[in-house]
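S.K.: Let's see this in three dimensions:
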Amino acid sequence: SSDASGAPRAVARTSASWLASAQPLADLAGLRAADRIAVTGPLHVSMHLYAVLHALWLGASAGDSLSGATAVHATPTRLARLLAHGTVRQNLVVAGAAMSPSLRAEAAARGIRITEYYGAAELSFVLAGRGDGLSPFPGVEVDLRADAAGDELWARSPYLALGVLGQGMLRRDRDGFATVGDLAEHTADGSFRVLGRGDAAITTAGATILAEHVEARIALLPGVAAVAVIGEPHELLGERVVAVVELADRANLVDVIAAARASFSVAELPRRWLVGAVPRTASGKVARGVLRAA
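M.R.: Next comes the predicted model:
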């Protein structure tokens, strides 16, 4: 597997920890032995590797071709591309990053059945759901613990990794709970919403904001095809918010900035805007380490 900068890491798992989650996922996603399952990413990414192994466990077929597939595993980025090109299957399993409300709404409008889950190579499955909110995956206990950047998501389950070699974020406590530093919150209906990695927190002028929060809001602005947000050192502010934006056809950055200024708080509003391609890891997440290095 790899971290947000693309650096490799080795995650030690038992075969029992992989197999224990197989039936719960099949039940949640409605996957069966008769399915032809398409995987839309490389097998060194844990979600795609698991998708293939899960298909084989089911007795289903697995491959990388969408032709004839009855179910598809995809990241939100890949799902957006499938929708844009009209290559859609009615049963999708989506993971790797949080889905935007607009993407979820577009999929629902097309009658696509989506099973979304949150997990990590170190934790395996943690949360899953079919609507706006996520609930604990079967067999998982979830605990939110206050941290400087927000409430950190901890999980205890039979699916946890034994350990990590390399740049892993896995931390454990004495009670068997583990975390990779992701933040989450309870929603009004009692479900969970994953906010993003705590190390994506930006402290600017005394306020702490999450890069993922700002990205989600910028992504809703007209003319924005994709966006990445990072903090860069600033002598006066501590850090300043920087946005890298991919523009849609015929869009211009001036209009995007004007729309942001009209609705964003002072702390959230990026102080620096750049137009360019948003680098992503193989799992579809924003490669913040690559952005910072650039």
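S.K.: just the strands in the stretch 151-294 of the chain please.
M.R.: 163-166, 171-172, 178-179, 182-186, 192-197, 201-204, 207-210, 224-234, 238-247, 272-275 (DSSP state E, counting those that start in this stretch).
S.K.: Quick check: which of those is nearest to Leu92?
M.R.: Closest approach to Leu92 among these is made by strand 192-197 (18.4 Å; C-beta to C-beta). In short, each C-beta sits where N, CA and C put it, glycine included.
S.K.: Mind listing residues that contact the closest one?
M.R.: With contact meaning C-beta atoms under 8 Å, 6 or more residues apart in numbering, strand 192-197 is reached by 4, 98, 118, 127, 133-136, 142, 150, 153, 169, 180-187, 210-213.
S.K.: Contacts only, for Val52.
M.R.: 37, 39, 43, 62.
S.K.: average pLDDT across the helix or strand hosting it?
M.R.: Per DSSP states H and E: Val52 is located in helix 46-58. Helix 46-58 shows a mean pLDDT of 93.
S.K.: Can you name the element that comes right after that helix?
M.R.: strand 61-63.
S.K.: Just want the phi and psi numbers for the closest residue to Thr87 other than its chain neighbours.
M.R.: Nearest residue to Thr87 in three dimensions, chain neighbours excluded: Leu66, at 5.6 Å (C-beta to C-beta, 6 or more residues apart in numbering). Main-chain torsions, Leu66, degrees, to the nearest 10: phi -80, psi -20.
S.K.: hang on, Leu66 packs against Arg36?
M.R.: No. Counting by C-beta atoms under 8 Å, Leu66 does not reach Arg36; the two are 9.8 Å apart.
S.K.: on that earlier part again, now the strands of the stretch 151-294 of the chain in TSV, with mean pLDDT?
M.R.: Converted to TSV, the strands of the stretch 151-294 of the chain look like this (pLDDT from 0 to 100):
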stretch	mean pLDDT
strand 163-166	78
strand 171-172	92
strand 178-179	94
strand 182-186	86
strand 192-197	80
strand 201-204	80
strand 207-210	77
strand 224-234	90
strand 238-247	92
strand 272-275	95
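S.K.: Quick one: closest of these to Glu122.
M.R.: Closest among those, using C-beta to C-beta: strand 163-166, at 5.7 Å.
S.K.: Strand partners (parallel or antiparallel) of the closest one?
M.R.: Next to strand 163-166 in the sheet, as set by DSSP bridges, lie strand 9-12 (antiparallel).
S.K.: any idea how far the strand it pairs with is from the chain center?
M.R.: 19 Å (C-alpha atoms, centre = their mean, to the nearest Å).
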